[in-house]
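# Fold the following for me, if possible:
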Amino acid sequence: MPCVSVCVRGEWFRVPFGSPSGSVHLLGIEALRRYYQAKKLEDASGKSEFSMLRCQGGELLQLKDKAEDVLEDNDFVQLVFPGESGKYDFSPRATAAQQSYQEPKEYISLDGNSLTIADLVSLGQGLFKIKLTHVAEEGIKKGREVIDTFIREDRVVYGVNTGFGKFARTLIPKEQLAQLQENLVRSHCAGVGTPLSVERTRMLLVLRINVLAKGHSGVSMETIGAMIKAFNASCLSWVPEQGTVGASGDLAPLAHLTLGLMGEGKMWSPQSGWADAKAVLEGHGLKPIVLKPKEGLALINGTQLISSLGSEAVERAIAVTRQADVIAALTLEALKGTTKAFDSAIHAVRPHPGQMEVAERLRSILDSKIFPSQISESQKSFDRVQDAYTLRCIPQVHGVVNDTITFVHKVISTELNSATDNPLVFAETGQTISGGNFHGEYPAKALDYLAIAVHELGSISERRIERLVNPSLSELPAFLVKEGGLNSGFMIAHCTAAALVSENKALCHPASIDSLSTSAATEDHVSMGGWAARKALRVVEHVEQVLAIELLAACQALEFLRPLKSTAPLEKVYQLLRSVVSPWDRDRMMSPDIEAAHVLVRQQNVWKTVEPYMDEYRKKLKA
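Okay, here's the model as predicted:
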């Protein structure tokens, strides 16, 4: 029989609504009856006034409607008394994720050794479900056997039958081992700040599962199986983003992640929105996890917040770096720059891989015999020798960003498939060994490096925007608009770019050079990797926005060079932008244009537009 979960003043009840004549009002009365019974109060269900709200979206339900007409099996509903409001906060991000969510059909197999950054980001976007390989299942079982043996033999093992951190020498009686793990998780739920988005929480959960799948954590198949079911149902815990120092791992965020799986605190799913964790799990036919000895420690001790956010930062950095080359080429065309500085002979004698790659990309979309440019052709009689550094040195500046991303990609990829909790279980020798793999210094340092490198794309882009809007440098109308004075054009758009670059300068201060001693000087050197990851993401987003402004300015500059055309690939980029933003003939609100251009960059449409032309250039060059 179909059922819904009904929340009455914080208490959840599963109520059937299979009767053809059953109304929403009768459903509410039955939920109230169960509430009064549970609270051992006088039954006043038939006398109470109330309204009913659907949890997803907060829709007010009509009490006289038939329940079967307006509700679905496993729906979530709130009963609200007069003068009260709905209990749960439905954020815009959660609502958007609910509306766009489609249950995936395909699976990615996890073995703890082969998860890629690209796969992790796709899993965060809800594109795949997960399952374990047979080899991983066997490894998990063997690891758990080691822990179970220690418990049977009453051996003293850190985190299994001892306290944690400063309490490592405090022995815990066998009958309190389950409570020990639960207390650990609850006490470590001390995070603050904005909760992670649905996508980032998915990444955090699946990455923790992948690390447990290595078989070195001592968790049981029952527990990891429950985590996989929760992931596949998109039941996601409420995880605040602040509170980790990056050693002993990302304790607070991972504790919040685990708490929801235990059926405590808040949880989100596409069907329920934010609701009571136990009700969300039960609404999907799932049971809360009951932690076994060591499992609480295994679930919260690791670098998965740093690594999951770092993975998103790396993926977005790769995308923005490619598109920075294309947008810079547009600016060079608009400023009638020369392509001489991109000659392959120059870069062959300073053969940094990133530098050579950027120069090759520029050659493939700028003026050539394969893709001629009328704008460049019009300038050949002037024999321009060289340009300012922001144009001439694009390969050198953009190139090192490519090489930095390659380095960071390797570090984060290694971290995704590493055992990072403590103590680690080694089934082949029957040992548990305490160590420091939870320390986040590796990803923290790498992500600080990433932020510094990607920032430079924004820094040089802002200087190119200056050249576009400054008539003394561009030979174009001031601020790229007609009737200057009456119109301000791109004056303040440039200020926005400058503001974002200035913010990035502060954000590029390395988080990982800081350390504060915690846990009564047991954890006396920490990585601050959580902040390194979060600010790297913010730097990347700012650079995306700066490049969006440059894209707008470069295409606006081309308006003043018409009827001359650029190369075929760059004209396609111009047309792409014009499909969402019209030329500026007079002043208008600029923010929507910047956002529209930012979406093009964020979705990699600029890169997708030119990539076929780059492939064509290489093929014809070899022919």
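
# residues near residue 183, how many?
Applying other Cβ atoms under 10 Å, we find 15 other residues in the vicinity of residue 183. For glycine as for every other residue, the C-beta is placed from the backbone atoms N, C-alpha and C.

# 34 is where my numbering starts, stick with that
All right, first residue 34 from here; so that's residue 216.

# all helices for the stretch 234-383 of the chain, in order.
Here the stretch 234-383 of the chain has its helices, by DSSP state H, counting those that start in this stretch, at 254-265, 284-294, 310-316, 328-333, 337-367, 377-381.

# Adding mean pLDDT and distance to residue 526, write those out as a markdown table.
Compiled in a markdown table, the helices of the stretch 234-383 of the chain are given as follows (pLDDT from 0 to 100; distance: least, Cβ to Cβ, whole Å):
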| stretch | mean pLDDT | distance to residue 526 |
| --- | --- | --- |
| helix 254-265 | 98 | 42 |
| helix 284-294 | 97 | 37 |
| helix 310-316 | 90 | 44 |
| helix 328-333 | 94 | 45 |
| helix 337-367 | 98 | 14 |
| helix 377-381 | 97 | 33 |
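
# Output the ones you listed in a markdown table, with mean neighbour count and distance to residue 176 appended to each entry.
As requested, those are exported to a markdown table (neighbours: other Cβ atoms under 10 Å; distance: least, Cβ to Cβ, whole Å):
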| stretch | mean neighbour count | distance to residue 176 |
| --- | --- | --- |
| helix 254-265 | 19 | 10 |
| helix 284-294 | 28 | 18 |
| helix 310-316 | 23 | 25 |
| helix 328-333 | 29 | 9 |
| helix 337-367 | 27 | 18 |
| helix 377-381 | 12 | 50 |
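
# Any chance of the ones you listed in a markdown table with distance to residue 501 as columns?
Shown next, in a markdown table, are these (distance: least, Cβ to Cβ, whole Å):
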| stretch | distance to residue 501 |
| --- | --- |
| helix 254-265 | 47 |
| helix 284-294 | 42 |
| helix 310-316 | 51 |
| helix 328-333 | 50 |
| helix 337-367 | 6 |
| helix 377-381 | 25 |
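
# what about these, which gets the closest to residue 584?
Nearest of these to residue 584, taken as Cβ to Cβ: helix 337-367 at 5.0 Å.

# Please compute how far that closest one lies from its chain's middle.
From the chain centre to the centre of helix 337-367 is a distance of 14 Å (Cα atoms, centre = their mean, to the nearest Å).

# on that earlier part again, identify whichever of the helices of the stretch 234-383 of the chain lies nearest to residue 560.
Nearest of those (Cβ to Cβ): helix 337-367, 7.7 Å.

# relative to helix 284-294, how tilted is the closest one?
Between the axes of helix 337-367 and helix 284-294, defined by axes from the mean of the first three to the mean of the last three Cα atoms, to 10 degrees, the angle is 110 degrees.

# follow-up on the earlier one: can you check which of the helices of the stretch 234-383 of the chain gets nearest to residue 420?
Nearest of the helices of the stretch 234-383 of the chain to residue 420, taken as Cβ to Cβ: helix 337-367 at 7.4 Å.

# Quickly note the distance from residue 525 to residue 631.
According to Cβ to Cβ, to the nearest Å, residue 525 and residue 631 sit 16 Å apart.

# Please identify which of these two sits among more neighbours.
The neighbour count for residue 525 versus residue 631, taken as other Cβ under 10 Å, is higher for residue 631 (19 against 13).

# Confirm for me that residue 483 is in contact with residue 570.
No - with contact defined as Cβ atoms under 8 Å, residue 483 does not count as touching residue 570 (9.7 Å).

# overlap in contacts of those two?
With contacts taken as Cβ atoms under 8 Å, 6 or more residues apart in numbering, the residues that reach both residue 483 and residue 570 are residue 346.

# Which one of these two is surrounded by more residues?
Per other Cβ under 10 Å, whichever of residue 483 and residue 570 has more neighbours is residue 483, with 29 against 22.

# Find the nearest non-adjacent residue to that one, please.
If the residues on either side of it in the chain are set aside, residue 483 comes closest to residue 441, at 4.6 Å by Cβ to Cβ, 6 or more residues apart in numbering.

# Go ahead and report the secondary structure state at the one you found.
helix (DSSP: H, G, I helix; E, B strand; the rest coil).

# and it, what is it in contact with?
Neighbour list for residue 441: 343, 347, 350, 479, 480, 482, 483 [criterion: Cβ under 8 Å, 6+ apart].

# Tell me, what's the model's pLDDT at the last one?
Right, residue 483. We have a pLDDT of 98 for residue 483.

# dump the residue contacts of it.
Shown in contact with residue 483 (Cβ under 8 Å, 6+ apart): 343, 346, 347, 350, 437, 438, 441, 569.

# What helix or strand is residue 151 located in?
Using DSSP states H and E, residue 151 sits within helix 150-157.

# what's around the residue lying closest to residue 585 once chain neighbours are set aside, how many residues?
Leaving aside its sequence neighbours, residue 585 sits nearest to residue 630 (Cβ to Cβ, 6+ apart; 5.2 Å). Neighbour count for residue 630, taken as other Cβ under 10 Å: 26.

# Torsion angles phi and psi at residue 630?
When read as degrees, to the nearest 10, the backbone of residue 630 gives phi -70, psi -40.

# Residue 86 too?
For residue 86, the backbone dihedrals are phi -120, psi 140 (criterion: degrees, to the nearest 10).

# Just confirm it contacts residue 92, I think it does.
Yes - between residue 86 and residue 92 there is a contact under Cβ under 8 Å: 6.7 Å.

# More neighbours: these two, which one.
Between residue 86 and residue 92, counted using other Cβ under 10 Å, residue 86 has the larger neighbour count: 21 against 11.

# So what sits opposite that one in the bridge?
Beta bridges link residue 86 to residue 93, residue 111, judged by DSSP bridges.

# what's the pLDDT at it?
Predicted confidence (pLDDT) at residue 86: the value is 88.

# Relative to residue 257, how far out is it?
From residue 86 across to residue 257, the span is 35 Å (Cβ to Cβ).

# okay, which residue is most central for this protein?
Central residue of the chain (Cα atoms, centre = their mean): residue 233, 4.3 Å from the mean position.

# Next one: it from residue 217, what distance?
Applying Cβ to Cβ, the value for residue 233 to residue 217 is 24 Å.

# so where's the stretch 34-183 of the chain uncertain?
51, 53, 118-133 (pLDDT under 70).

# so where do the helices sit in it?
Using DSSP H, counting those that start in this stretch, the helices found in the stretch 34-183 of the chain span residues 57-72, 100-103, 125-133, 150-157, 167-185.

# for these, which one sits closest to residue 612?
Nearest to residue 612, of the helices of the stretch 34-183 of the chain and by Cβ to Cβ, is helix 125-133 at 22.0 Å.
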